[in-house]
Structure formats: C-alpha cells, structure tokens
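S.K.: have a look; sequence and predicted model below, questions after that.
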Amino acid sequence: MEPTNRVNDLISITGRLASLLEKENIALRNKQNHDLNDILDEKVTLGRIYETRIMGLTENAEELDTVDPELRERLRGIGEKVQGLIEDNAKLLKVAIEANRRVVNLIAESVKASVPSAGTYSSTGAADTIDHHAAPRNVAISVDHTL
C-alpha cells in the first residue's frame, strides 16, 4: 500500500478509536455500565487494527518522509489525542474496578453475616446463639470407635 494511503487509513482508524474512547470515558464517568460491553468489543478490535497499522508504519519509517508534512502532522495530532484519552481511560477503569471490588466485598460480608448458624452449646448445655461465653463455633470433633 502506498505510504500516503497508509497514513490516511491510520488517521481514519485512530479517529474511530478516539471517538470510541471518548464514548467509553463518558460511560465510565456517568456509571453507564450497560453501554460498556458493546464498546469493549469494538475497542478490542480497533485496538488490534491500530496496533498492526502502527507497526507497519514503524517498520518502514523512511516511507513516511514521502508523505505530505501536513498529513503527518495531522496523524501526530490525533495520535497525541488518543494517547491522552487512553491515559484517562486507564484511570477511569481503575476507579470503576476498585469500586466494583468494594461493592462485591461488602455483599460477600453481608451474606456471610446473615447466614444462620446452629449456635453452640453453653456451659449449661443449652443451645445459645447469643452468649459470647459459649464454646466457639465450628469446633472439630472426633469420636474414638475402638471400644
């Protein structure tokens, strides 16, 4: 493919990636998690295409000298924009992951606390779920059957 066409192609792909990252960042900021699944699939695909196109250009960097300087500057500008969006995206994803982890941990703790237990026997032999002086719960017991 001709270098100018490669650069134009990369500008188009990078522009699509930039708009997709903007959309994802907005969804993350507004906690619109239902929109993120569709975005993720397209982001992965565009990311792979972008990566292969960049690698193709860097392998033949001398060909970029034949491309119009204005076009190269346009590619550089949109590349910088995408880099900033990627950095914002990483921060937003980190916050969202941490928030979800905390929610899951709180739910798990609540479920553990709400599970009823059989209680323990107190020193008087009564079943007691409240007495803090009772034997500890989940005590291992073994029986010797060798009589």
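M.R.: That came through fine.

S.K.: residues contacting the helix or strand where residue 58 lies, please?
M.R.: In the assignment (DSSP states H and E), residue 58 maps to helix 36-59. In this structure, residues lying in contact with helix 36-59 by Cβ atoms under 8 Å, 6 or more residues apart in numbering are 6-7, 9-10, 13-14, 16-17, 20-21, 23-24, 27-28, 63-64. All C-beta spots, glycine's among them, are computed from the backbone N, C-alpha and C.

S.K.: pull the distance from it to the chain's centre.
M.R.: Between the mean C-alpha location of helix 36-59 and the chain-wide mean there is a distance of 17 Å, by Cα atoms, centre = their mean, to the nearest Å.

S.K.: out of the contacts of helix 36-59, flag the one nearest to residue 94.
M.R.: Taking Cβ to Cβ as the measure, residue 94 sits nearest to residue 28 out of the contacts of helix 36-59, at 10.1 Å.

S.K.: what comes up buried for the helix or strand that that closest one is a member of?
M.R.: Here residue 28 is covered by helix 3-29, with elements defined by DSSP H and E. When neighbours are counted by 16 or more other Cβ atoms under 10 Å, the buried residues of helix 3-29 are found to be 3, 6-8, 10-11, 13-14, 17-18, 20-21, 23-25, 27-28.
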